[in-house]
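Q: using only what follows, build the 3D model:
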Amino acid sequence: MERQRLDKWLWHARVVKARTSAAALVEAGHVRINGVREKAPGHTVKLGDVLTIGLDRSVRILKVTGFSERRGDASAARVLYEDLRDREQ
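A: Numbers count the residues shown, from 1 in each chain. Here you go, the predicted structure:
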């Protein structure tokens, strides 16, 4: 798999608790792909894309490093992305 729907990837990476929440987050304009605001939950993400996600009172910057067929536990989700905020500090 080299591409995946944005809402599905956000759910599999455990950024949100439900896929409907992922779709709502995207539709509300809180997700950027490589600096461009995306409002379509069905937009595909590919390896190397950088997602900027506005959640509650924080911003997460994640680089897509993998995909999953199913939603796994937290350790499985952690291999799907590289948190770029961790590198800054």
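Q: residue 11 against residue 71, yeah?
A: Yes. Between residue 11 and residue 71 there is a contact at 6.1 Å, judged by CB atoms under 8 Å. In this view, the C-beta of every residue, glycine as well, is placed from N, C-alpha and C.
Q: name the residue in these two with the higher neighbour count.
A: Each of residue 11 and residue 71 has its neighbours counted (other CB atoms under 10 Å); residue 11 has more, 21 against 13.
Q: contacts only, for the nearest residue to residue 53 once chain neighbours are set aside.
A: Leaving aside its sequence neighbours, residue 53 sits nearest to residue 60 (CB to CB, 6 or more residues apart in numbering; 4.7 Å). Shown in contact with residue 60 (CB atoms under 8 Å, 6 or more residues apart in numbering): 15, 51-53, 83, 85.
Q: and with 7 Å instead?
A: 15, 53, 85 (CB atoms under 7 Å, 6 or more residues apart in numbering).
Q: could you do residue 37 as well?
A: Residue 37 sits next to residue 29 when contact means CB under 7 Å, 6+ apart.
Q: give me the beta-bridge partners of residue 33?
A: Judged by DSSP bridges, the bridge partners of residue 33 are residue 36, residue 51.
Q: how far away is it from residue 19?
A: According to CB to CB, to the nearest Å, residue 33 stands 18 Å off from residue 19.
Q: hmm, back to that, the helix or strand where the residue nearest to residue 53 lies: which residues count as buried?
A: Per DSSP states H and E: residue 60 is located in strand 58-64. Within strand 58-64, the residues that count as buried by 16 or more other CB atoms under 10 Å are 60-62, 64.
Q: wait, residue 64 sits on residue 34?
A: No. Using CB atoms under 7 Å, residue 64 is not in contact with residue 34; the gap is 10.3 Å.
Q: anything in contact with each of these two?
A: Taking CB under 7 Å, 6+ apart as the criterion, residue 64 and residue 34 both touch residue 49.
Q: what's the neighbour count on residue 34?
A: Neighbourhood size, residue 34 [other CB under 10 Å]: 11.
Q: show the average pLDDT along stretch 2-17.
A: Taken as a whole, stretch 2-17 carries a mean pLDDT of 95.
Q: good, we can wrap up now.
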